[in-house]
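Colleague: how does the following fold in three dimensions:
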Amino acid sequence: AVLSPRFPGVGKTLSEYNFYEHYQAVVLAIHRNGERITTNLGHLKLKEGDNLILLTTEKFIQSWGDSKIFYLTSFIRDYKTTGTFWKKWFAFIIVLIMITGATVGQFLNSPKGVSFDMFYFSAIAAMLMVWMKIVPHQKYTKAISWDLLITIAFSFALSKALQNSGAADAIAHATINIGKGLGPVGVLIGVYLITTIFTEIITNNAAAAIVFPIALSAANQLGVDPKPFFVAIAVAASASFATPIGYQTNLLVQAIGNYRFRDYLRIGLPLNIIILIISVLLIPLFWHF
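Modeller: Here you go, the predicted structure:
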């Protein structure tokens, strides 16, 4: 078990923290900086990133397997777990059906207007996993990341506010009008820039929907082919690295990796700039104005 930054015993010894009383697990050894420590463990101060070799029970894995304070890396069991073989195969089949159903569902139209998208098949798969006891109740109750759900809810509210108030349209028009002074390349930069900004604060679909008609209008005014602008919108709407709310995968790794908003800005913003430069240079070569 690797200690995460959230582990409350960081900076304390095993004795001071009463590790066994908290987790009913015995620490056999500690790996730190490539070295294995097996002596005087009770007087060693724990550090973030320490890899603890534990002797414990199955209950520990069930209780702390999805915890934010431990990263459980591997398990060695001294007995054969009964009933897991069929669970593995059923879990595989359920996931396979979920992916197949969601893929096929994109091409089906229900007479009642029901959309057979990934959400419905994921919900059905999750219920089947719980109903067949493939996932223990201790895991699915602790796996809910409430801060993640709240962030998603607020991002939807922000998206609607920007669209309904007309602020998004006004910002997009102003940015592209500034770029017109530099000709088609300037408009291309403006289209990409405003799309990537909107993608970081609202959904990528909404960003594309807002900028698309404005880019088309700008292309018609300049008398050029709009295809380069459309490609820029597609790339910019998919290149979301600077905020955790820019795309679903950004949010998913935020909770697991204990990332902060500034972590995304520090790594993601340079990536956004690099892709912007590459796109502006290459798009006109393949899709001429």
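Colleague: show me where the stretch 1-150 of the chain has helices.
Modeller: For the stretch 1-150 of the chain, the helices defined by DSSP state H, counting those that start in this stretch cover 14-17, 19-23, 58-64, 84-105, 118-131, 137-142, 146-165.
Colleague: now these as JSON lines including distance to Leu222?
Modeller: Bear in mind the C-beta positions are built from the backbone N, C-alpha and C, glycine included. Shown next, in JSON lines, are these (distance: least, Cβ to Cβ, whole Å):
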{"stretch": "helix 14-17", "distance to Leu222": "67"}
{"stretch": "helix 19-23", "distance to Leu222": "66"}
{"stretch": "helix 58-64", "distance to Leu222": "60"}
{"stretch": "helix 84-105", "distance to Leu222": "40"}
{"stretch": "helix 118-131", "distance to Leu222": "39"}
{"stretch": "helix 137-142", "distance to Leu222": "54"}
{"stretch": "helix 146-165", "distance to Leu222": "26"}
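Colleague: now the weakest link among these, please, by mean pLDDT.
Modeller: The minimum mean pLDDT among the helices of the stretch 1-150 of the chain belongs to helix 137-142 (a mean of 62).
Colleague: so which of the helices of the stretch 1-150 of the chain gets nearest Gly34?
Modeller: helix 14-17 (20.7 Å; Cβ to Cβ).
Colleague: check which residues of the closest one are buried.
Modeller: 14, 17 (16 or more other Cβ atoms under 10 Å).
Colleague: just to check, Gly105 is in contact with Ile124?
Modeller: No: between Gly105 and Ile124 there is no contact under Cβ atoms under 8 Å: 11.2 Å.
Colleague: who has more neighbours, these two?
Modeller: Between Gly105 and Ile124, counting by other Cβ atoms under 10 Å, Gly105 is the more crowded of the two (17 against 14).
Colleague: what helix or strand does the residue nearest to the spatial centre of the chain sit in?
Modeller: Nearest residue to the geometric centre of the chain (Cα atoms, centre = their mean): Thr249, 2.3 Å. Per DSSP states H and E: Thr249 is located in helix 248-257.
Colleague: and this protein, what are its domains?
Modeller: For the chain, automatic domain parsing gives the domain ranges 2-71, 84-142, 149-286.
Colleague: lowest-pLDDT helix or strand in this protein?
Modeller: Across the helices and strands of the chain, mean pLDDT, DSSP states H and E gives its lowest value to helix 137-142, namely a mean of 62.
Colleague: roughly how far is the longest strand seen in the chain from the heart of the chain?
Modeller: Of all segments of type strand in the chain, defined using DSSP state E, the longest is strand 26-32. How far strand 26-32 lies from its chain's middle: 32 Å, per Cα atoms, centre = their mean, to the nearest Å.
Colleague: would you mind measuring from the closest residue to Leu28 other than its chain neighbours to Val211?
Modeller: For Leu28, ignoring the flanking residues on the chain, the nearest one in space by Cβ to Cβ, 6 or more residues apart in numbering is Ile53 at 4.7 Å. Here the criterion is Cβ to Cβ, to the nearest Å. By it, Ile53 lies 53 Å from Val211.
Colleague: next, count neighbours for Tyr264.
Modeller: Around Tyr264 there are 22 other residues, counting by other Cβ under 10 Å.
Colleague: could I get the pLDDT score of it?
Modeller: For Tyr264, the model assigns a pLDDT of 85.
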